[in-house]
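Q: Give the three-dimensional model of this entry:
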Amino acid sequence: MPGMAAKVVITERQQQVLQAMAFSRSCPQGLVHRAEIILLAFDGLTNEEIAQKLRCERHGVGVWRKRWQNAFHPLTVIECMEEPPALRAALEEVLGDLPRAGCGGHVCGRADVSIR
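A: Numbering: from 1, shown residues only. Okay, the predicted model is just below:
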């Protein structure tokens with residue numbers, strides 16, 4: 001039996017940025033997919049429902065929900081203290097690929113971010 005899914009809470013501004021990412025034609029597909037996961041989770045869908053709708057693994061949905069939950073507080077601080085482009089950059093970092101073994105601690109040439 002599956003455990004409790006991480007609760008996804010987003011602010012109105014975060015929702016606007018996530019929707020822009022989800023419908024963007026220029027945003028990397030991984031970010032589009034993860035933005036959709038967070039938006040659907042916020043709408044109250046279960047991990048199973050999201051996985052079926054997006055044709056992905058339920059476990060992966062849970063991983064991204066938990067990651068969002070852990071990043072929510074730092075994101076709200078950035079949202080309150082920074083200009084709008086800083087929020088989008090922070091959301092892209094949260095929803096970006098995790099570092100992988102053998103890549104020297106960098107993702108696509110970037111150092112790890114402090115939000116994670």
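Q: ok, how many other residues are close to residue 38?
A: 25 (other CB atoms under 10 Å). The C-beta positions use only the backbone N, C-alpha and C, and glycine is treated the same way.
Q: List the contacts of it.
A: Going by CB atoms under 8 Å, 6 or more residues apart in numbering, residue 38 touches 8, 10, 18, 64-65, 68, 95.
Q: from those, which would you call buried?
A: Neighbour-count burial (16 or more other CB atoms under 10 Å) applied to those gives 8, 10, 18, 64-65, 68, 95.
Q: Just the contacts of residue 38: which are in helices?
A: Among the contacts of residue 38, the members falling in helices (DSSP state H) are 18, 64-65, 68.
Q: quick revisit: now pLDDT and distance to residue 74 too, for the buried ones among the contacts of residue 38, in JSON lines please.
A: Shown next, in JSON lines, are these (pLDDT from 0 to 100; distance: CB to CB, whole Å):
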{"residue": "8", "pLDDT": "97", "distance to residue 74": "15"}
{"residue": "10", "pLDDT": "97", "distance to residue 74": "14"}
{"residue": "18", "pLDDT": "98", "distance to residue 74": "16"}
{"residue": "64", "pLDDT": "97", "distance to residue 74": "16"}
{"residue": "65", "pLDDT": "97", "distance to residue 74": "16"}
{"residue": "68", "pLDDT": "97", "distance to residue 74": "11"}
{"residue": "95", "pLDDT": "96", "distance to residue 74": "14"}
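Q: Just the closest of those to residue 37, please.
A: Nearest to residue 37 among the buried ones among the contacts of residue 38: residue 64, at 4.9 Å, using CB to CB.
Q: For that closest one, give me its contacts.
A: Applying CB under 8 Å, 6+ apart to residue 64 gives the contacts 34, 37-38, 95.
Q: ditto for residue 61
A: Listed by CB under 8 Å, 6+ apart, the contact partners of residue 61 are 37, 41, 47, 50-51, 54.
Q: Just the ones of the residues you listed in strands?
A: The strands, defined by DSSP state E, take in nothing from the contacts of residue 61.
Q: Select from these the one having the most neighbours.
A: Ranking the contacts of residue 61 using other CB under 10 Å puts residue 37 first, with 29 neighbours.
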